[in-house]
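In: what follows is a predicted protein model with its sequence.
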Amino acid sequence: MIFKKGFRIFGLVVFGIGVMGFLLGCGSVLQEQKKESSPTQMTAPTIAKKMDRPDGRYYDFEDIQIPNELKIDSKNSKTFQSPTVSAGLLVFDGYVDVKSLVNFFKDVMARDNWQAKGNFKLPPKTILLFEKKNKRSLFFIEENMFNTHVEVWLIPTQDVQ
C-alpha cells in the first residue's frame, strides 16, 4: 500500500512539473509574439532578412545558412577569408532531427543557388554535397544519443572551361 501511495505522489509531482513547464512555455511564446507585433523601426535589409528564413543564420560563409538550433563550436572551427576566396570548416552541435536538418540544408542551399550533387547515408552519419561556381560544400551530419554534430566544409575549386 505504501508503494502505491508513493507512486501516486510521484505521478502528481511529475504532472505538476509538466503543467508548470507548459504554462511557462506558453508565456514565453506570448512574450515573443508581443515583441514581434510591437511597432519598431526596421530598415529594409532587416525586413528582407527576417522574411528570408527566420530559423537560420549565416556565419563565416556568406552563402551557407545554418539553423538556429545548432550552436557553433568556435574552438574546432577553422576558416580562411580573402577578398576572392572563402574556405574552411565550421563545426556545430545541437540536438536536431537529422531528416529535418537534411531538408533544411537542401532548401536553403537551393535558395542560395547551390546545386545538390549527392548525398550518402552511412548510419549514424549523413553526408551532403553541394556545388556552386568555384566552390564546393560538404555537410557531415552525425546524430549521437544526446546531440547532433555537424561539420560544414567549404572548398574552393577552379572551374575548367
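Out: That came in fine, so what should we check first?
In: next SSE after the lowest-mean-pLDDT helix or strand in the chain?
Out: Ranking every helix and strand in the chain by mean pLDDT, DSSP states H and E puts helix 44-52 at the bottom, with a mean of 41. Scanning forward in sequence from helix 44-52 by DSSP states H and E, the next helix or strand is strand 56-58.
In: can you give me the helices in the chain?
Out: Chain-ordered helices for the chain, with DSSP state H as the definition, fall at 2-37, 44-52, 98-111.
In: which stretch in these has the least confidence?
Out: Sorting the helices of the chain by mean pLDDT places helix 44-52 lowest, at a mean of 41.
In: now stretch 75-84: buried residues?
Out: Neighbour-count burial for stretch 75-84 flags residue 77 (criterion: 16 or more other CB atoms under 10 Å). For the C-beta atoms, the positions are set from N, CA and C on the backbone; glycine is no exception.
In: buried set for stretch 61-70?
Out: So stretch 61-70, judged by 16+ other CB under 10 Å, has buried residues 61, 63, 64, 65, 66, 67, 69, 70.
In: ignore what I typed, I meant stretch 138-156.
Out: 139, 140, 141, 142, 143, 148, 149, 150, 151, 152, 154.
In: ok, which pair from those is furthest apart?
Out: 143 and 154 (22.3 Å; CB to CB).
In: for residue 135, give the beta-bridge partners.
Out: Beta bridges link residue 135 to residue 132, residue 156 when assigned by DSSP bridges.
In: that one reaches residue 157, doesn't it?
Out: Yes - judged on CB atoms under 8 Å, residue 135 makes contact with residue 157 at a distance of 6.0 Å.
In: and the nearest residue to residue 116 once chain neighbours are set aside, what is it in contact with?
Out: Of all residues not flanking residue 116 in the chain, residue 130 sits nearest, at 5.8 Å (CB to CB, 6 or more residues apart in numbering). The neighbourhood of residue 130, defined by CB atoms under 8 Å, 6 or more residues apart in numbering, consists of 109, 114, 115, 116, 117, 136, 137, 138, 139.
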